[in-house]
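Undergrad: This is the structure alone, sequence omitted:
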């Protein structure tokens, strides 16, 4: 009993320390009351609705029939709009100066406009994703049907999240796009920054470990395998020794390029159209149109008989 | 208000475009009414039940006791059968020609037989997985107990899903096996195609980024580390420039082979029994029995003093 | 009908085989009645509560306000304690000899003390994580705000789980720390063994495929990129050919070190302070203070024009 | 320990007795495999959907807006149809001779037709319920708004369930209508048999204890208070001493009748138009048009001073 | 197939009719966009929180300990306030003229003030309920402990809801109080209008069928049994034949009165202090202080031997 | 803002008052730490399991088939035992003197024995309930099938809870039986005290408002209608003016008795075998075997023509 009381006192003391505002710094979000933070579960729901509207019948547990298709999409678009308004407004509020007072109603108004503009891009997003499904199906001998691609390919899921996140970022939405791309990263191991620019007929096979940086530019009909990094080689520092944000530092990939597994392409270099980059290599210089790079296998493996 | 109405009109217009059947193509699953698609959450439940029946007490929240063990397994097998019947039938229906009418009752009948045959393989699956647990425990100095292996090792989870998916694929079940292997891929970063053939005492350590292709063949007592790819080197194209599906294109790995992290073994080559393949290398040619390959470290690293 | 009955008989037969105790071996946890196993969902809840107490307002769905902050943290600490007591006691019980009888009440007493001691470390954990947030924000030109780091960076999540798991392991808690690190591994693709020792201002970018072994030691202000392995080169075998557990076998990394993507650092070597290790290389020997290693690109890539 | 085992044996023995088919009799529903029983939770969902479609915005958690009203009702009607088909088919199957084999597909076909016919009556049901809302609002000085009537009046909820159940019973649906009326009974204490016939502008105030028998007929603009029974006086027995089912045995109530609290009206008698029946009385004979009955208070109360 | 299509057309037609605005009248709540209706589930949560704060440890699933009591109540009061603000504002909005535009922000401001004022009455409400618990325990020979009273007595639950609802109504909250009293009515069969005025030490035994009207006034230490109605005898009509709202029309009950089961007390009469009213009688005239009324049993029962 | 802060201060002040231990008295359950109170939701689950085991296939959502019946009942009995142990132990603890320290382990031991003894009575309970189903079906011309009785009759649900609660009370379980009977009361409006003694072939029609007191004794083949009270007439007071607990004060009802709606039978009187008691009357004296009582209708109704 005494022991129990002593433990309770210890807990009380810790609780007090943890609630001490001076210990919180930037680790706590309480600066303005009333105004919400973006919510993971809502953003997940936004993605689920986008998927169910873009690929009706494939995503979403609802039984969509010919009877209900139009109602279904109508309801989902309405729900999507109201979810987006809340999350976008929360994102916009987060961006504000923490000490200023926030006109939340006007942020919601702005968010409502952005949400509608995003939803208007869904038909175009579906068209783009259709090209990605085609490219994935045609490029993989193991893919039996397009249904299998839609159901089972992590690459497609990551691309879907990327295309949604990219559209939101282009409309000026803060933080939410990164949350969306990180969700795909967690689900698939594929990390595409929403700032990247990617053409149509894009596909990624297996995908675990793929990283595509914020300023990368990718042409049409490009295919990546697992472990490919399109990264920065180094980044410029400001006078305080901190990296300068926003400078183009990732590669530009041409049309019809294939990059095989575990290869890193680094820096603001250009990979020409129709180039083929072999696996497991390290590319930091331009590659010409149609050029083909492979690992010089022979001279870096030691091969000997075990005892 | 006016603004609200205008936005509602915009949403209505988009909803109409998205419900327009001509825009849907293969992106929508409405071709036959009444007949369900495979459902992710049901397949997840199937895996959970398999795990709880194969490792009673470890998986599944139920408190299995000596009293309830037999009842528990009896209930789970019944539940497993009825879940499998629905999902297998849905998979079989998906495979049918989209324009033909489907005799769903006969598909369910076929699915019921397949489901029973699968369940009859569970004792054998448990035996195989037992060898995998042993191999994992013995092969890792960090593993403290076999319980730790069963609870915490992603490799074991991926192998479990693979063995289940492989058994279903061998019984002719379409698409479901791929959904099962992709679930493990998302959970563990390990991507084993259900078509691969894998012997007993198989283990994978850490595992993130491992890829095992559809036609790979792996012997007994093989161990892989994170980032290992057993992939295709290239694939034959048909006259239209599309890859020909179904041709053996992944490696054959002998017994007692170890392959260290981030190494790629590509093409229909043969890695002999007792071979050891070092990390971070790229293997596209046969390796003899007992041979050992390592990276020629010396000559591909530049080492210099920073300023 | 007959057919249905026949299938039911088949299921009954399999259920009997699966419940047969001789077939279960170590695959089943029934050895002692009444005493629970660690539960995944509870451990997940423990992590969620830790996150919500360390970063109030960012994690946890609750609306924390200035009014409720103290109450909120008080409630969470109490809840955390009672969840930890159960899981730690379950972990301690699992460690016991399976044939001995367990004094569960005394295990709970021990667990209660450990849980309180852990909670008392939370203020220090928050301080450490604060340094990690700073390091992540300053080290990535793509990071717009610290909020983005807290919300979206998988590296931070993995480090959070590691720091929690490491604290529990240091207090002598079995198995739970490994479950916690494996949760982060599944969520982020980053696998940090709770036994590793890691200094402050630690950051991991992208992170998929990172592996940090059980005996690794990492200094202050270290930064890793995706795919970096701090692993064992080989491990000593005992006379039965099994690896000897517990021997230091992973690298020691100095302060202010950067290791770029997909590089493996293997064995009990020492990477000196201020060293920079380039991407995609294989390091098995000591690196001096301030030294810089890069791949010798030129001589292992073949570059040719395609037909 | 021994004790635990002994208890497990006792439980096993009871379980065996409870599973013994000879002890089950009509207490168990296993006679035909595969074919479902009606499910309470589905029927509850059916009622919830009916309410949300009849009173959009008042019932159902969904935010119905002018934008979504049409989509909302479209989706709900589709969902309602598919839920009804399953439950009606289950009801039809239950009615079948237990030993005959059931053609479940043809029952579903029949159920689908009944469900569509029921849904076609919803506009008429809404019209009727509108009259009931009006009558309730106008008849109660405590009712502040019609919204209060729709939100708070148990009488309206019971009448809603009755009107739905009556429509289903008229279409030949077995058992489901009784389940629906019993749900209202449990929620409100008002027990209206779905077989009763009730005109428009019907209202019940407070309602607890109201019972309306299966063959009762009620005119337009009738109002009942709590505790009113419209019951049978006695029922004819067959030669075995069992009550003969299906004979008219409950009262016929004219238009514009009011019956005050706790009064019982029993037998196939006729209460004339515009009659007023006072509270707490026992009526077993016809009442003429416009007649008024009250309790003869004076002579059945003893009034004396307490000591 | 054709049949399916025909049914879909029928459903579409009904959906169109049900969404037709002219058919909706007052049956639909769409008049103003954006502004919510009161939500049943939130009001239920409000009641649950009030109960858990008034009787900590008895209501609410949370484990309240001496450690957590203060945190627990702090959190609950905060949560209660924010739930109340939303529901009260929704109630206030409902009261507004449907065609006027609503200044929702100012309604929320008003609601916030009312919610705080209500919460400030909770200590006084707990004191009152304490007297009710005492009265119930002392007045019923079947009550074994006060815990049994708090856990099991429907009378106490109904009184709790009444006291909460009455406090809200006194603060000018529309509709919510009625929803709260109707919840208790559904749960317990006891219908107490929130407008009634009830003293301390109030108890109701069994309670099913009790009705207490909106203008009733009840003194201290009063006890009612099941089926007691404190109702209106008749109500004045306006020139249109509608009942005039708001006129005192229910009885005034003095201190220390007991009213036995199934008795009706009707009209604006006065039951004197210390009166005892027997069961099953009909009282429409004043009863003096200390008077005792019982049914004149002898002359209204016919007693005869059956054949 | 200021306003917000002021409100927060008000809330803090109230929270402090509500957490003040001197204001809590018996309203709070914190006297002993660690030991749980009975939990409503667990008791509900206990009832649900009892129903599903007594009437397999009718209650419980599980699909019981001939295959799974034995497993199903085995699992449910195990689950029932462990739920009962917890709740019974909580009930036993509540009964203890609040200031004494409780040996909770020994209470659990005692509870485990009681739970097993209760489960052993389930076969007998099923037999009894079977007679109640038969009596209900045969006694009501509106009952179409026994399935309808099991699914829809509130009387049967109340009797089921009574028989379970009575068995537990007979085994010495405190408080839980009353919680179980109150659940049925809330669901059905039928309030049967678990202390009552009731024979076989018991039925209640409609049932709202039925009250059966703690010391009532009811023979075989008795039928009650809605609103019947078997109550106490008065109760003896002790020298402090409090009712003396535990004295027989409710009626004894013989075999084959019918009591019609809204009749009250009060005091320790005896209703003889085969008696028939009419509706709406007030019985406080013995009724002989075979006697029939009805209301003397003629002389207590005033009948006149309205203007």
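TA: Noted; the coordinates are in hand. Fair warning: this is a prediction, and the values are worked out from it, not measured in the lab. Residues are numbered from 1 along each chain as shown, chains lettered A, B, ... in the order given.
Undergrad: so how far is chain F from the residue of the stretch 201-307 of chain A found nearest chain D?
TA: Closest approach between the stretch 201-307 of chain A and chain D, counting by CB to the nearest CB: residue A:202, at 33.0 Å. Heads up, the C-betas are built off the backbone N, CA and C, glycines and all. Using CB to the nearest CB, to the nearest Å, residue A:202 is found at 45 Å from chain F.
Undergrad: To what extent is that residue buried, counted in neighbours?
TA: For residue A:202, the count of nearby residues is 25 (other CB atoms under 10 Å in any protein chain shown).
Undergrad: what do you get for residue A:228?
TA: Neighbours of residue A:228 (other CB under 10 Å): 24.
Undergrad: repeat for the one 10 residues further on
TA: In terms of burial, residue A:238 registers 9 neighbours under the definition other CB under 10 Å.
Undergrad: Return the residues in contact with the residue lying closest to it once chain neighbours are set aside.
TA: In space, not counting the residues next to it along the chain, residue A:238 is nearest to residue A:244; the distance is 5.2 Å by CB to CB, 6 or more residues apart in numbering or on different chains. Going by CB atoms under 8 Å, 6 or more residues apart in numbering or on different chains, residue A:244 touches A:235-238, C:141.
Undergrad: same check, this time on residue A:135
TA: Applying CB under 8 Å, 6+ apart, we find residue A:135 in contact with A:201-203, A:221, A:223.
Undergrad: Mind telling me what element residue A:82 is part of?
TA: Here residue A:82 sits within helix A:69-95, counting by DSSP states H and E.
Undergrad: go on, residue A:116?
TA: For residue A:116, the host element (DSSP H and E) is helix A:104-120.
Undergrad: I'd like the next helix or strand past that helix.
TA: Next along from helix A:104-120, by DSSP H and E: helix A:122-139.
Undergrad: Which single one of the contacts of residue A:244 is nearest to residue B:266?
TA: residue A:235 (33.4 Å; CB to CB).
Undergrad: Any idea how many residues pack against residue A:6?
TA: Residue A:6: 11 neighbours (other CB under 10 Å).
Undergrad: hey, where'd the strands end up in the stretch 101-250 of chain A?
TA: For the stretch 101-250 of chain A, applying DSSP state E, counting those that start in this stretch gives strands covering A:191-192, A:197-198, A:203-205, A:211-212, A:217-218, A:223-225, A:229-231.
Undergrad: a markdown table please, covering the ones you listed and showing mean neighbour count.
TA: Listed next are the strands of the stretch 101-250 of chain A as a markdown table, based on neighbours: other CB atoms under 10 Å in any protein chain shown:
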| stretch | mean neighbour count |
| --- | --- |
| strand A:191-192 | 28 |
| strand A:197-198 | 16 |
| strand A:203-205 | 26 |
| strand A:211-212 | 27 |
| strand A:217-218 | 20 |
| strand A:223-225 | 25 |
| strand A:229-231 | 28 |
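Undergrad: want to try JSON lines for those strands, with mean pLDDT as columns?
TA: Putting those into JSON lines (pLDDT from 0 to 100) gives the following:
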{"stretch": "strand A:191-192", "mean pLDDT": "98"}
{"stretch": "strand A:197-198", "mean pLDDT": "98"}
{"stretch": "strand A:203-205", "mean pLDDT": "97"}
{"stretch": "strand A:211-212", "mean pLDDT": "98"}
{"stretch": "strand A:217-218", "mean pLDDT": "98"}
{"stretch": "strand A:223-225", "mean pLDDT": "97"}
{"stretch": "strand A:229-231", "mean pLDDT": "96"}
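Undergrad: what's the closest of those strands to residue F:217?
TA: Each of the strands of the stretch 101-250 of chain A has some distance to residue F:217 by CB to CB; the shortest is strand A:191-192, at 75.6 Å.
Undergrad: what does the closest one rub up against?
TA: By CB under 8 Å, 6+ apart, the surrounding residues in contact with strand A:191-192 are A:158-159, A:161-162, A:181-182, A:184-185, A:198, A:210-212, C:206, C:208, C:226.
Undergrad: Pull out whichever of those are also neighbours of chain B.
TA: Contacts with chain B within those, counted by CB under 8 Å from any CB of the partner chain: residue C:208.
Undergrad: In the stretch 201-307 of chain A, which residue sits nearest chain F?
TA: residue A:245 (33.4 Å).
Undergrad: show me the contacts for that residue.
TA: C:141-144.
Undergrad: Thought residue A:78 was touching residue A:115, still the case?
TA: No. Contact between residue A:115 and residue A:78 fails when scored by CB atoms under 8 Å: they sit 10.9 Å apart.
Undergrad: between those two, which one's more packed in?
TA: For residue A:115 versus residue A:78, the count of surrounding residues by other CB under 10 Å is larger for residue A:115: 27 against 23.
Undergrad: how close does residue A:144 sit to residue B:43?
TA: 17 Å (CB to CB, to the nearest Å).
Undergrad: ok, these two, which is more surrounded?
TA: Set residue A:144 next to residue B:43 and count neighbours by other CB under 10 Å: residue B:43 wins out with 23 against 17.
Undergrad: And that one, which helix or strand is it part of?
TA: Using DSSP H and E, residue B:43 falls within helix B:40-54.
Undergrad: How about that helix, which residues are buried there?
TA: B:42-43, B:46-47, B:49-54 (16 or more other CB atoms under 10 Å in any protein chain shown).
Undergrad: Just the pLDDT for the closest residue to chain B within chain A.
TA: Taking CB to the nearest CB as the measure, chain A has residue A:57 as its residue closest to chain B, at 3.3 Å. Residue A:57 is assigned 82 on the pLDDT scale.
Undergrad: Check residue A:33 too.
TA: Residue A:33 carries a pLDDT value of 51.
Undergrad: rewinding a little: kindly identify which of the contacts of residue A:245 also come near chain A.
TA: C:141-144.
Undergrad: now, which of those lie within helices?
TA: In helices, judged by DSSP state H, none of the ones next to chain A among the contacts of residue A:245 are found.
Undergrad: Can I get the residues you listed in JSON lines including distance to residue A:272 and pLDDT?
TA: Shown next, in JSON lines, are the ones next to chain A among the contacts of residue A:245 (distance: CB to CB, whole Å; pLDDT from 0 to 100):
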{"residue": "C:141", "distance to residue A:272": "26", "pLDDT": "85"}
{"residue": "C:142", "distance to residue A:272": "26", "pLDDT": "84"}
{"residue": "C:143", "distance to residue A:272": "32", "pLDDT": "86"}
{"residue": "C:144", "distance to residue A:272": "32", "pLDDT": "84"}
